[in-house]
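Asks: I'd like to go over a predicted model; first the sequence, then the structure.
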Amino acid sequence: MTAAELFVKCLEAEGTRYVFGVPGEENEDLLFALDDSPIEFIPCRHEQGAAFMANVWGRLTGRAGVCLSTLGPGATNLITGVADAQLDKAPLVAITAQGGLTRLHHESHQQINIVNMFRPITKWNASITSPEIVCEVVRKAFKLAELEKPGATHIELPEDVAAQHVEAEPIEPRRVRRPSADYRAVDQTIELLRQAKRPLVLAGNGAIRKLASKHLRSFVESHRLPVASTFMGKGAVSDHSEQSLLAIGLGFKDYVIEAVEQADLILTVGYDIAEYSPDHWNPEGDLPIVHIDFDAAEVYERYNPEVEVVGDISAAFWELNRRLAGENLGFDTEWYAPIRRRILADIAGYSLDDGTPFTIPGALNIIREVLADAGLLISDVGSHKMWIARNFLTGCAAGCIISNGLASMGIALPGGIAAALVDPERQVVAAMGDGGFLMNAQELETAKRLGVGFTIVVFNDNDYGLISWKQRRSRGRSVGTRIGNPDIVAFAKSFGVAGYRPEGTAELRRVLESTLGSGELAVVEIPVDAGVNNDLVEKLRSYFA
Ligand SMILES: Cc1ncc(C[n+]2csc(CCOP(=O)(O)OP(=O)(O)O)c2C)c(N)n1
């Protein structure tokens, strides 16, 4: 068999179902080998779209999503989605082609050093310089991509190596158990909990992986601790639970910060500093912190935990639950209820009457009503992300996907395709701004061709809204943010995709009930009044004055 055929056998052994990509001349052998395999190659319309599909596939399944490009321009196009997976801790394997080994030492057509280019944005990468190493390289790429903390890896397959003959068998993937926390770290945590009156859990991205949320939930429910989640930790503990204080992470003070200010111990769980800097929630650097995570804490001036419980998060909470079963830790249990009530009342206050102009938080309240609790909202990046994080009540782990590490625009539409492939029965809404929509709108064709069904909501303010929001806060006006748009409904229809522009809240509710109920692929344009953005800033400024 050829090295390309062996490569595909290795992908099969890893359980790969889809390879998202754009073909090139230099990966012809691999494409034909894929054609002879049960793995489906999904031609995408831009490599970035392919990488985002692999990224969201990885996030939702815990198994590496796979994307593929040719050499040179295909590989450079892949970069944003791969870097996003790396910073957001999504398991992803990127495969790129390369020219033959005999032309890599000199300047040649489309040849750039892809391995060097991908190195800073991956956990590990390698070029397959000989057919004998195919099995090891593929196994290592998947193993490292999926190992906590997950991320991106990259494999380069040069054209001439792909065609060479080889006889070998894939290395069978075997399960690696994650280490459990050291018992002294658990002891110390229990001591700190026994002294605390108002502990608070800060649940991050890691708290929704590897069943961590199951044991975390039972811990906070038994001992009635409040939980604030970062944008990527949303749903670790259900926002319907009395313990949830919803999300933390705006760049300015929001109601939830009062809980951090009143807490006497912070337990961070699966917290990624890339997502939300401690400078925002621990400005004096003096809060006592217990760090519970798969990895040791990053060194950071304002984040120097008293204890680091390093190992499997789920196992750490299982152990804490076991050791503290039946014990009354004597926490104050009423202090955070007013904060939760304030947050919920604020969200409800954005509900719109029929006939009033749409706002993002108003529309989100309708989406929340219509979308099943077990459904999924994927956010793009922009002002809408802030509102989704802050206002969208999430009932289950991975019920709301937000990119907040690299925080790249353009993830939501391709992400919706991946989500619909992961679970065709699940209700999925991909919500984005007009800016992010047109960054990867070409993937509407991919979605249509695949026959996947999900609802794309485009909040249209003819603006790079988050940037003007920020500029107005700091300078009172905005520059370089105004944009125009095509007729979004007509644009969707030109792809053969249903398009809607509801006139009021009642019509929006009807449209969403119909698209989510039928599972049709649809684009719903919601023209929005962005005045609420600055109103929120003013409201919170006067609240905290
Ligand atoms: C790929 C990429 N380019 C630029 C940015 C910087 N950025 C963050 S939000 C934003 C504006 C987003 O505008 P839009 O998609 O219309 O959403 P809105 O803010 O209006 O809700 C920009 C330009 C980014 N995060 N990612």
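Replies: Yep, it's here. This structure is a prediction, so every number in the text was calculated from the model and none was measured.
Asks: hmm, Val524 is touching Tyr500, no?
Replies: Yes: taking contacts as Cβ atoms under 8 Å, Val524 lies within contact range of Tyr500: 4.8 Å. Where you see a C-beta, it was placed from the backbone N, CA and C, and this is true even at glycine.
Asks: right, and Ala398 touches Leu60 too?
Replies: Yes: applying Cβ under 8 Å as the test, Ala398 and Leu60 come out as touching, 6.1 Å apart.
Asks: wasn't Leu245 part of a helix?
Replies: No: counting by DSSP: H, G, I helix; E, B strand; the rest coil, Leu245 is not part of a helix but strand.
Asks: can you check the pLDDT for it?
Replies: According to the per-residue confidence, Leu245 scores 98 in pLDDT.
Asks: what strands line up against the helix or strand hosting Ile266, and which way round?
Replies: Using DSSP states H and E, Ile266 sits within strand 265-269. Neighbouring strands of strand 265-269 in its sheet, by DSSP bridges, are strand 199-203 (parallel), strand 289-293 (parallel).
Asks: now what about the first one, what contacts it?
Replies: Which is strand 199-203. Here strand 199-203 makes contact (Cβ atoms under 8 Å, 6 or more residues apart in numbering) with 193, 213, 216, 220, 225-230, 233, 236-237, 248, 259-260, 263-271, 281, 331, 336.
Asks: can you count the residues close to the closest residue to Ala498 other than its chain neighbours?
Replies: With Cβ to Cβ, 6 or more residues apart in numbering as the criterion, Ala498 has its nearest non-adjacent residue at 4.2 Å, and that residue is Ala522. For Ala522, the count of nearby residues is 21 (other Cβ atoms under 10 Å).
Asks: residue contacts, Ala522?
Replies: Counting by Cβ under 8 Å, 6+ apart, Ala522 makes contact with Thr455, Ile456, Ala492, Val497, Ala498, Gly499, Tyr500, Val511, Thr515.
Asks: in stretch 133-153, which residues are buried?
Replies: 133-135, 137-146, 148, 150-153 (16 or more other Cβ atoms under 10 Å).
Asks: which ones among those map onto helices?
Replies: Counting by DSSP state H, the part of the buried residues of stretch 133-153 found in helices is Val134, Cys135, Val137, Val138, Arg139, Lys140, Ala141, Phe142, Lys143, Leu144, Ala145, Glu146.
Asks: and the closest residue to the last one other than its chain neighbours, what does it touch?
Replies: Closest residue to Glu146 apart from its sequence neighbours, by Cβ to Cβ, 6+ apart: Pro91 at 4.6 Å. The neighbours of Pro91, taking Cβ under 8 Å, 6+ apart as the test, are Gly58, Arg59, Gly62, Arg63, Ala64, Gly65, Ala85, Ala145, Glu146, Pro150, Gly151, Ala152.
Asks: I'd assumed Phe20 was in a strand, is it?
Replies: Yes: secondary structure of Phe20, determined by three-state DSSP: located in a strand.
Asks: next one: it from Gln48, what distance?
Replies: As judged by Cβ to Cβ, to the nearest Å, Phe20 and Gln48 stand 11 Å apart.
Asks: circling back to that earlier point, the more surrounded of Ala398 and Leu60?
Replies: Leu60 (21 against 18).
Asks: OK, contacts around the more buried one?
Replies: By Cβ under 8 Å, 6+ apart, the contact set of Leu60 is Leu376, Ala398, Ile401, Ala418, Ala419, Val422, Asp423.
Asks: can you give me the neighbour number for the fourth one?
Replies: What it means is Ala418. Using other Cβ under 10 Å, the number of residues around Ala418 comes to 27.
Asks: so it: helix, strand or coil?
Replies: Criterion first, three-state DSSP; result for Ala418: helix.
Asks: stretch 394-405 vs the ligand: in contact?
Replies: No: with Cβ under 6 Å from any ligand atom as the criterion, the ligand is not reached by stretch 394-405; the gap is at least 8.7 Å.
Asks: how many neighbours does Ser351 have?
Replies: Ser351 is flanked by 13 other residues according to other Cβ under 10 Å.
Asks: any idea how far Ala412 is from the closest residue to it other than its chain neighbours?
Replies: Excluding the flanking residues, the one nearest Ser351 by Cβ to Cβ, 6+ apart is Asn365, at 4.9 Å. Distance of Asn365 to Ala412, given as Cβ to Cβ: 19 Å.
Asks: measure stretch 32-46 end to end?
Replies: Length of stretch 32-46, first residue to last, Cα to Cα, to the nearest Å: 20 Å.
Asks: same check, this time on stretch 141-158
Replies: Note: stretch 141-158 ends 16 Å apart using Cα to Cα.
Asks: and what of stretch 94-110?
Replies: End-to-end distance (Cα to Cα), stretch 94-110: 18 Å.
Asks: and that stretch, what's its mean pLDDT?
Replies: For stretch 94-110, the per-residue pLDDT averages 94.
Asks: what residues of it count as buried?
Replies: Buried residues in stretch 94-110, counted by 16+ other Cβ under 10 Å: Ala94, Ile95, Thr96, Ala97, Gln98, Gly99, Gln110.
Asks: give me phi/psi at the second one?
Replies: Read it as Ile95. Dihedral angles of Ile95 (phi, psi; degrees, to the nearest 10) stand at phi -120, psi 130.
Asks: any idea how far Ala212 is from it?
Replies: Distance, Ile95 to Ala212, using Cβ to Cβ: 30 Å.
Asks: ok, now the third one?
Replies: Shown here: Thr96 relative to Ala212, a distance of 33 Å by Cβ to Cβ.
Asks: follow-up on the earlier one: model confidence for the residue nearest to Glu146, exactly?
Replies: For Pro91, pLDDT reads 98.
Asks: what about it, distance to Glu40?
Replies: For Pro91, the distance to Glu40 - Cβ to Cβ - is 19 Å.
Asks: kindly check the end-to-end length of stretch 5-24 for me.
Replies: 17 Å.
Asks: model confidence over it, on average?
Replies: Averaging pLDDT along stretch 5-24 yields 98.
Asks: contact partners for the nearest residue to Gly311 once chain neighbours are set aside?
Replies: Nearest non-adjacent residue to Gly311, counting by Cβ to Cβ, 6+ apart: Ala181, 4.0 Å away. Neighbour list for Ala181: Ile292, Val309, Val310, Gly311, Asp312, Ala315, Ala316, Glu319 [criterion: Cβ under 8 Å, 6+ apart].
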